[in-house]
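J.: how does the following fold in three dimensions:
(one chain, ligands or ions: 3)
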Amino acid sequence: MKYYIKTYGCQMNHSDSERIASVLEAAEYEKVLLEDKADLIVINMCSVRKSAVDRVAGNFKRYKKYKKKNQNLKIVLTGCVLESDRERFEKLFDLVVDIKDMNSWLHSSHRSGAVEPKYKSFANRFHSPTGLWSQQSYFKIKPNYKSKFSAYVPIMTGCNNFCSYCVVPYTRGREYSRPVEEILDEIAKLVKKGYKEIILLGQNVNSYQLNCESKIINQKLLATDNLAIGQFDNKTIDFPNLLKLINNIPGDFWIRFLTSHPKDMTEKLIKTVAECEKVTPYIHLAFQSGDNEILKKMNRKYTAEHFLDLVKIIRKYIPNVAITTDVIVGFPTETEEQFQKTAGVMKKAKFDMVYINKYSPRVGTVSAKLEDNVSWKEKKKRENILTGILKRTALENNQKYIGKIQEILIDKIDGNFIYGKTKSFKSVRIELKIKNISDSASGQELKIKEGKFLKIKITQASAWGLKGKIK
Ligand code: SAM
Ligand code: SF4
Ligand code: F3S
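T.: Numbering: from 1, shown residues only. Ligands and ions are numbered 1, 2, ... in the order given. Prediction:
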């Protein structure tokens, strides 16, 4: 039997798909690269914007055609699915299950015949004593990592913040922080296997918090702690503590983390990032709006002034840091004047990248009760203005790299091009006058390989990336 997983949405969903793939392969399903060759299609969906949901529904025509060709084909929908969409999707797909119901998914998919009987014994291994699914068992599934050198490691899931526009607390539930031993163990194994980039994931990684009585962990932490960073109260592991523990795992690797909420961004965390040599100088901190009234309506719990102060502190402690963000344009009632405040924050913060989102009302959220009164055309106009500011600040930031030596992690080699990322997550392209780097003797001599670090010199910069040459 053959499976195909289609993943929409953020890195959390991509990471979940690595666990779904692992479950399916344990049940002896074989991965195929083309969806029309599969006997089981798993759609891991995102509901953050209405357009993402409509896309899934829109694809149904294509799936119907596949079903005509292959009578055995089953289609399972999972991921971030809103309760209000469930009914209509249940009519379209063979099975709709919550990602947080992995265990019952295994059982119900067995019952519905979507997967084979041997699946059941595998499912039993993840049964909790109560018979209910638990996040604990789900995170214990060993993922089928997509990359051989860069791995997503979720450290928490869910969200308690209930920003008024956002579906995540409804689709992923409340915050759950993964046990620290489990995280350290997963990372230590990855590093031993030669992984060079560990990307810690969570909706708000900086609200990671765990009561931990483990003596071993406490000792490990005390060993990492120099008192300049802050005291550890012997019980609570917060995100800076976790970063220190991961940083202390022996090996040559980089640590990234996504995403951070401004209300939980502390000076202690910023100092920890600066002091931990494996933690990369890259911070994604979503600001959403530069207007305090809109921020209040969004339930974001900080002000534009506080956000800009944070940017200042980050730049003070972390030299050459890259800061990226998310913004929403056209939130209900956003006036031109309020939008200009968002543009003002962007000019001051000088971001390296901004993910600009046009507001999309989502059923069940608090802001959906407000009239979506900014037209699509106006949202588009505001998006274009912000893109213009971003182009200028990103170019200005990137130009500072010219002439500098940087270490990159090689992502890909294609013919005579090497593609990689700097420690600050800037994309770099290097052209060599060799026809095929992978095959050439000089390529091998220079140890140019995907997943290896390489020292280069930056020669050119644009707003969206850098060019370089081998040092
Ligand atoms: N937890 C992260 C934070 O608060 O920084 C954000 C996670 S959210 C899944 C990713 C981004 O989607 C948000 O930062 C926001 O800009 C955008 N987003 C969420 N709901 C949206 C909506 N209803 N319309 C437009 N954009 C939305
Ligand atoms: Fe959504 Fe807000 Fe939670 Fe981020 S913090 S996932 S925007 S509710
Ligand atoms: Fe989408 Fe769920 Fe991520 S709604 S953005 S896939 S957490």
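J.: isn't L92 right up against F60?
T.: Yes - the criterion here is Cβ atoms under 8 Å, and L92 meets it with F60 at 5.1 Å. C-beta: built from backbone N, CA, C; applies to glycine.
J.: how much space separates L73 from D36?
T.: Using Cβ to Cβ, to the nearest Å, L73 is found at 9 Å from D36.
J.: find residues that contact each of those two.
T.: The contact sets of L73 and D36 overlap at Y66 (Cβ atoms under 8 Å, 6 or more residues apart in numbering).
J.: more neighbours, the two?
T.: Legend: neighbour count by other Cβ atoms under 10 Å for L73 and D36, higher for L73 (19 against 14).
J.: and the more buried one, how far is that from ligand 3?
T.: Distance from L73 to ligand 3, counting by Cβ to the nearest ligand atom, to the nearest Å: 24 Å.
J.: do S367 as well
T.: In terms of Cβ to the nearest ligand atom, S367 sits 15 Å off from ligand 3.
J.: look at the residue lying closest to that residue once chain neighbours are set aside and give its secondary structure.
T.: Distance criterion Cβ to Cβ, 6 or more residues apart in numbering; nearest residue to S367, sequence neighbours excluded, is S164 at 4.1 Å. Three-state call for S164 (DSSP: H, G, I helix; E, B strand; the rest coil): coil.
J.: OK, contacts around S164?
T.: Here S164 is in contact with 297-299, 365-367 (Cβ under 8 Å, 6+ apart).
J.: for I385, what is the enclosing helix or strand?
T.: helix 376-399 (DSSP states H and E).
J.: do that helix and ligand 1 come into contact?
T.: No - against ligand 1, helix 376-399 shows no contacts by Cβ under 6 Å from any ligand atom, the least distance being 9.6 Å.
J.: lowest-pLDDT helix or strand in the chain?
T.: helix 118-124 (a mean of 44; mean pLDDT, DSSP states H and E).
J.: quick one: contacts of stretch 388-408?
T.: Against stretch 388-408 from outside (Cβ under 8 Å, 6+ apart): 320, 322, 343, 346-347, 349-354, 356, 420-423, 426, 428, 453-466, 468, 471.
J.: and the end-to-end length of that stretch?
T.: 28 Å (Cα to Cα, to the nearest Å).
J.: try stretch 237-253
T.: 22 Å.
J.: any part of it near ligand 1?
T.: No - Stretch 237-253 stays clear of ligand 1 (Cβ under 6 Å from any ligand atom), getting no nearer than 13.8 Å.
J.: so how far is that stretch from its chain's centroid?
T.: Remark: stretch 237-253 is offset 19 Å from the chain centroid, using Cα atoms, centre = their mean, to the nearest Å.
J.: next: stretch 412-425.
T.: For stretch 412-425, the distance to the chain centre is 20 Å (Cα atoms, centre = their mean).
J.: can you list contacts of it?
T.: 254, 256, 280-282, 320-322, 324, 352, 401, 406-411, 427-438, 443, 448-450, 454, 456, 466.
J.: narrow those to those that are buried.
T.: 254, 256, 280-282, 321-322, 324, 352, 401, 406, 408-411, 427-428, 430, 432, 434, 437, 443, 448, 450, 454, 456, 466 (16 or more other Cβ atoms under 10 Å).
J.: give me phi/psi at whichever residue of the stretch 51-200 of the chain sits closest to ligand 3?
T.: Nearest residue of the stretch 51-200 of the chain to ligand 3, counting by Cβ to the nearest ligand atom: C80, 3.1 Å away. The phi and psi values for C80, taken as degrees, to the nearest 10, are phi -90, psi 100.
J.: who's in contact with the residue nearest to it when sequence neighbours are not counted?
T.: Distances taken as Cβ to Cβ, 6+ apart put T171 closest to C80, at 3.6 Å, once the chain neighbours are dropped. By Cβ under 8 Å, 6+ apart, the contact list for T171 reads 47, 79-82.
J.: next one: the helix holding I385 to chain centre, how far?
T.: On Cα atoms, centre = their mean, the centre of helix 376-399 falls 23 Å from the chain's centre.
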